[in-house]
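J.: Okay, structure incoming, though there's no sequence with it:
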């Protein structure tokens, strides 16, 4: 009888824990999704309705009017706003940086995991140290070198090439490889005559696909929303303006601000992020679960 009571208590405790975890997950989901939902609903209402009720929970019928009022209408928020031009420029920058970040970070992590050389731990420590330096500390020297020395103002190069160095992604990828990448398969590939780079391309990358997908999402979102660096490099050529720069010009309207148009502009800017997330989201759970193992 005592064993039965203990078993019942254990089942009750587990159910309470599961219910608590479920409630926490629901709350976190609401915290993430409710602001996005409100933004989309607000984008469908006009300026007058939003000033009377700032938080709209039901859709309205002014979405297309708001989109037209971003760059047109009686009081345009930003006459030079061009969503397709912004999409093109931001996709070029975010797409290229994502590919470079993920590929070279995976290559670096592969070298730090597979090869045993004298300065391996020191190199990894140096990478972690670089990760601790805020971008604001180096921004002055970065802009002076790229714009003043190399003359790369209004160019995509300063926004794409430096993405090769991504210490945070290297850290995550190395943790993933150390927890789930078998080194025996590398030795087997060497015995079969596979070259080192070929082994990385044909074996390591497919096996690390979950971690690569997760980091691709993070890298894309970060570079898509990177107003700080883009605003320092792209200063005068309107044909090179990205979505963050265009959105800032809309939100910076202070004479005749149209809240509906501003919400519509922000909603347009998040569409590619949502699309990328939906494409790669199925890898997130597996990638976080396997890559988050501590040494």
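T.: That came in fine, so what should we check first? Since this is a predicted model, take the numbers as computed values, not measurements. Residues are numbered from 1 along each chain as shown.

J.: where along the stretch 51-200 of the chain do the helices fall?
T.: Ranges of helices in the stretch 51-200 of the chain, per DSSP state H, counting those that start in this stretch, are 63-71, 83-114, 120-131, 135-143, 157-160, 167-180, 184-191, 196-199.

J.: Give me the buried stretch members for the third one, please.
T.: Neighbour-count burial for helix 120-131 flags 124, 127 (criterion: 16 or more other Cβ atoms under 10 Å). C-beta coordinates here come from the backbone N, C-alpha and C atoms, glycine included.

J.: Point out the other elements, helices or strands, that it touches.
T.: With contacts defined as 3 or more Cβ pairs under 8 Å, 6 or more residues apart in numbering; DSSP states H and E, helix 120-131 has these neighbours: helix 83-114, helix 167-180.

J.: That one to helix 167-180, inter-axis angle?
T.: Helix 120-131 and helix 167-180 are oriented at 140 degrees to each other (axes from the mean of the first three to the mean of the last three Cα atoms, to 10 degrees).

J.: Would you mind pulling the contact partners of helix 120-131?
T.: By Cβ atoms under 8 Å, 6 or more residues apart in numbering, the list of residues contacting helix 120-131 from outside reads 108, 112, 165, 167, 168, 170, 171, 174.

J.: which residues does residue 96 contact?
T.: Neighbouring residues of residue 96 by Cβ under 8 Å, 6+ apart: 156, 160, 163.

J.: which one of the residues you listed is nearest residue 23?
T.: Within the contacts of residue 96, the smallest distance to residue 23 is 39.2 Å, found for residue 163 (Cβ to Cβ).

J.: which ones are touching the closest one?
T.: Residue 163 sits in contact with 96, 97, 98, 100, 101, 219, 223, where contact means Cβ under 8 Å, 6+ apart.

J.: Would you format those residues as a markdown table with distance to residue 48 and pLDDT included?
T.: Formatted as a markdown table, these follow (distance: Cβ to Cβ, whole Å; pLDDT from 0 to 100):
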| residue | distance to residue 48 | pLDDT |
| --- | --- | --- |
| 96 | 42 | 92 |
| 97 | 41 | 93 |
| 98 | 40 | 91 |
| 100 | 46 | 92 |
| 101 | 44 | 92 |
| 219 | 40 | 89 |
| 223 | 37 | 90 |
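
J.: Neighbour-wise, which one of these leads?
T.: Highest neighbour count within the contacts of residue 163, by other Cβ atoms under 10 Å: residue 101, with 26 neighbours.

J.: in this protein, which ranges drop under the pLDDT threshold?
T.: Across the chain, the ranges flagged by pLDDT under 70 are 1-8, 73-74, 284-295.

J.: Report the separation between the closest residue in space to residue 155 that isn't next to it in sequence and residue 188.
T.: Residue nearest to residue 155 in three dimensions, not counting chain neighbours: residue 233, with 7.0 Å by Cβ to Cβ, 6 or more residues apart in numbering. Using Cβ to Cβ, to the nearest Å, we find residue 233 at a distance of 46 Å from residue 188.

J.: which of these two has more neighbours?
T.: A count of neighbours by other Cβ under 10 Å puts residue 233 above the other of residue 233 and residue 188, at 20 against 13.

J.: so what's the more buried one up against?
T.: 143, 146, 147, 152, 153, 154, 155, 158, 159.

J.: Please report how far the third one lies from residue 133.
T.: For residue 147, the distance to residue 133 equals 21 Å [Cβ to Cβ].

J.: And for residue 149?
T.: 21 Å.

J.: Kindly report the same for residue 276.
T.: 28 Å.

J.: Give me the more crowded residue out of those two.
T.: residue 276 (18 against 10).

J.: Am I right that the more buried one is in contact with residue 218?
T.: No. If you go by Cβ atoms under 8 Å, residue 276 and residue 218 don't touch, sitting 10.5 Å apart.

J.: my guess is residue 39 meets residue 268, correct?
T.: No. Judged on Cβ under 8 Å, residue 39 makes no contact with residue 268 at a distance of 10.9 Å.

J.: out of these two, which sits in the busier spot?
T.: residue 268 (21 against 15).

J.: so the more buried one makes contact with residue 83?
T.: Yes. With contacts counted by Cβ under 8 Å, residue 268 reaches residue 83, the gap being 5.4 Å.

J.: shared neighbours of those two, which are they?
T.: residue 243.

J.: give me the element residue 21 is part of.
T.: helix 2-43 (DSSP states H and E).

J.: got the angle for that helix vs helix 63-71?
T.: Using the same axes, to 10 degrees: helix 2-43 against helix 63-71 is 60 degrees.
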